[in-house]
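Enquirer: coordinates only, sequence not included:
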Ligand SMILES: [Mg+2]
């Protein structure tokens, strides 16, 4: 019987990315307090994030609370956000159960975009190394985000690393702007998970050729749509 390979996206597919951002805000806020005497900005930063304002957030916080800050301060503030060590992260409960269920069917994989060192911290914090036969950090495949999704190369690498001819592949992700173009083109099954929870990124536009074949509100519904 051909094996089934479940391949997952990471951020907002297996755990809430908002939680990682808040851990970063705590780290950045500690830096701001120590360096600039700015206090208690985590809640304010979180409200701005929930208002869809991640890009300008760091600059706005310093403008409000430390108007004499320099460009170097702003850079260091942002860096403290990215530097968060030992983030406390938890899998979505339905994601933890889906991983338990599907590791019986065949080797599984993870394909994730983003700064490699940051993504690796998330993987470690969630205890995911042992769960996956292969983890592809697209950032590690080449410079300047050249092989970020929707590029097909991370998916091709995954198939050659863990698959055999005749195997079935499923990619599960949350972002139709980039997650499903390559798997659709390669004959994989594509599943969008769209949970009702606060998200960092607004629901993305669907890329050409990137419409998911299935949409679920929880990974608990995967066996229903996949038939196993
Ligand atoms: Mg994602």
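Expert: Thanks, I have the structure now. Worth saying up front: this structure is predicted, and the values here are computed from it rather than measured. Numbers count the residues shown, from 1 in each chain.

Enquirer: isn't there a strand covering residue 87?
Expert: No - going by DSSP: H, G, I helix; E, B strand; the rest coil, the assignment for residue 87 is coil, not a strand.

Enquirer: Please give me every residue in contact with it.
Expert: Counting by CB atoms under 8 Å, 6 or more residues apart in numbering, residue 87 touches 19, 20, 23, 24, 121, 122, 125. Heads up, the C-betas are built off the backbone N, CA and C, glycines and all.

Enquirer: As JSON lines, those residues with distance to the ion and neighbour count would be great.
Expert: As requested, those are arranged in JSON lines below (distance: CB to the ion, whole Å; neighbours: other CB atoms under 10 Å):
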{"residue": "19", "distance to the ion": "13", "neighbour count": "16"}
{"residue": "20", "distance to the ion": "12", "neighbour count": "23"}
{"residue": "23", "distance to the ion": "17", "neighbour count": "21"}
{"residue": "24", "distance to the ion": "17", "neighbour count": "21"}
{"residue": "121", "distance to the ion": "16", "neighbour count": "20"}
{"residue": "122", "distance to the ion": "11", "neighbour count": "22"}
{"residue": "125", "distance to the ion": "16", "neighbour count": "19"}
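
Enquirer: For residue 216, see how far away the most centrally placed residue in the chain is.
Expert: Closest to where the C-alpha atoms of the chain average out (CA atoms, centre = their mean) is residue 11, at 1.8 Å. Going from residue 11 to residue 216 by CB to CB, to the nearest Å gives 17 Å.
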